[in-house]
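**Q** Give me coordinates for this.
(one chain, ligands or ions: 1)
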Amino acid sequence: MEDPRRREFIKTLLAASFLTLSTKEALACRNGRVKIELPPFPLQETYLRGEKKGGRVLIVGGIHGNEPGAYKAADILRHVKVKRGELFIAPRMNFVSILADRRGYNGDMNRKFASISPKDPDYKRVKWLKNYVKEVKPELLLTLHDGFGFHSVNPRAWGQCIVIDAERYKNFHLGKKARTVSERVNRFFTKREWKVPVYNTNTFSPDTKHPEQRKSLTYFCLKEANVPAICLETSKQMPNLEMKVKTHLLLMKEFFKLHNVEIEPDFNYIISHLDQFLKPKVHYSVNLNINGRNVLVSSNRTFKLPKGSRVEFTGFHGTAGTNAVSSDVNMNLRKVGIRRRIAFDVKDDFKRIFTLRFIVV
Ligand SMILES: [Zn+2]
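**A** Numbering: from 1, shown residues only. Below you'll find the predicted structure:
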């Protein structure tokens, strides 16, 4: 006859092993969710160094997500060779907002450089940039934006201008430098509204009309990092993306000249072959791992998944702007549990390429 104590002992053993081996799976099955995980948004930075000695310039793009002229122009520079000087590029500071095509998916990032809560979804990126500026200590930082309207015909508009916080700060002659660039660039623009004047916000002055600028990146650079920083603005109302990018390239060309930075191909070549840079011939695809199986997807697809499934986005292929977001959930979340269905748009910056749908069956 079987010893009841032995039977009890085996039962306890089995129960214990079930718990230790499969607590995770059991929980996933019990709440019936499909877990989907994406890698964190990358913090892109590029460093290019020329053989010849020259200046050191840091380019920041994409602090505002709905300003493609700015982040596309910064991104183009990642694909050039630097002949003289050093170039540091952070093209997509606010990647979640770029993919959402919103100015600030988590509020205005350019108001977070004086202070930011550790709970803010932008915290990591803002902190990173502040440290990066202090670490690199460039001779000049240029932050790129697409503002509203045309400053030359409406002095309250931020579009088409070079913004400085002061005529002069310590030994940085911001006004003089910005005016030199403005004069040179304006030879290319015949339309009055497209001209790019200098806009001094007098941020340090007690009676500035723009005290909010004390929370901006350029003010942080000057005051906290002792780095001269200037903001370049094209206009959201320029006729197309090409013209916005062109404005930024023309401005950067002149600042680079002043700072002894040379690139190859040069700015004239890039501007006259802009399509090559803005519409690269790439094949977009995404690597997924679904319940341990690798799948490569390059067009719209619907996956029907049993409860408890796990999906991981393991790789994006295309451009540096290729990533995935879902408008069904908070886009900051990179790990989600779903009960019914969710759709992820695979995008190249603001542009949707294809959609992946996951349905729980
Ligand atoms: Zn902006």
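**Q** For beta bridges, what are the partners of the residue of the stretch 201-350 of the chain found nearest the ion?
**A** Proximity of the stretch 201-350 of the chain to the ion (C-beta to the ion) peaks at residue 233, 7.3 Å away. Every C-beta, even on glycine, is put in place using the N, C-alpha and C of the backbone. Assessed by DSSP bridges, residue 233 has beta-bridge partners residue 145, residue 161.
**Q** how many neighbours does the residue in the stretch 101-250 of the chain that the ion sits nearest to have?
**A** Going by C-beta to the ion, the ion is nearest to residue 145 of the stretch 101-250 of the chain, at 3.3 Å. Here the number of neighbours of residue 145 (other C-beta atoms under 10 Å) works out to 25.
**Q** Tell me which residues touch it, please.
**A** When contacts are counted by C-beta atoms under 8 Å, 6 or more residues apart in numbering, residue 145 is found next to 63-64, 67, 70, 158, 231-234.
**Q** if you go through the chain in chain order, where are the helices?
**A** Here the chain has its helices, by DSSP state H, at 4-31, 68-77, 95-100, 123-136, 174-185, 217-225, 241-258, 267-272, 274-278.
**Q** Please identify the deepest-packed of these.
**A** Mean neighbour count (mean count of other C-beta atoms under 10 Å) peaks for helix 68-77 among the helices of the chain, with a mean of 27.
**Q** For it, give me every contacting residue.
**A** Under C-beta under 8 Å, 6+ apart, the answer for helix 68-77 is 46, 48, 59-64, 87, 89-92, 98, 144-146, 232, 234, 238, 241, 243-245, 247-249, 252, 263, 270, 277-278, 319-321, 349-350.
**Q** Try it again at 7 Å.
**A** If you take C-beta atoms under 7 Å, 6 or more residues apart in numbering as the criterion, helix 68-77 is touched by 59, 61-62, 87, 89, 91-92, 98, 144-146, 234, 241, 244-245, 247-249, 270, 277-278, 320-321, 349-350.
**Q** Give me the nearest residue to the residue most central in space within the chain, chain neighbours excluded.
**A** Nearest to the mean C-alpha position of the chain, counting by C-alpha atoms, centre = their mean, stands residue 92 at 2.2 Å. Nearest residue to residue 92, sequence neighbours excluded (C-beta to C-beta, 6 or more residues apart in numbering): residue 62, at 4.3 Å.
**Q** show me what contacts the one you found?
**A** Here residue 62 is in contact with 70-71, 74, 91-94, 98 (C-beta under 7 Å, 6+ apart).
**Q** Do you know the pLDDT at it?
**A** The per-residue pLDDT reported for residue 62 equals 98.
**Q** ok, it to residue 280 distance?
**A** According to C-beta to C-beta, to the nearest Å, residue 62 stands 18 Å off from residue 280.
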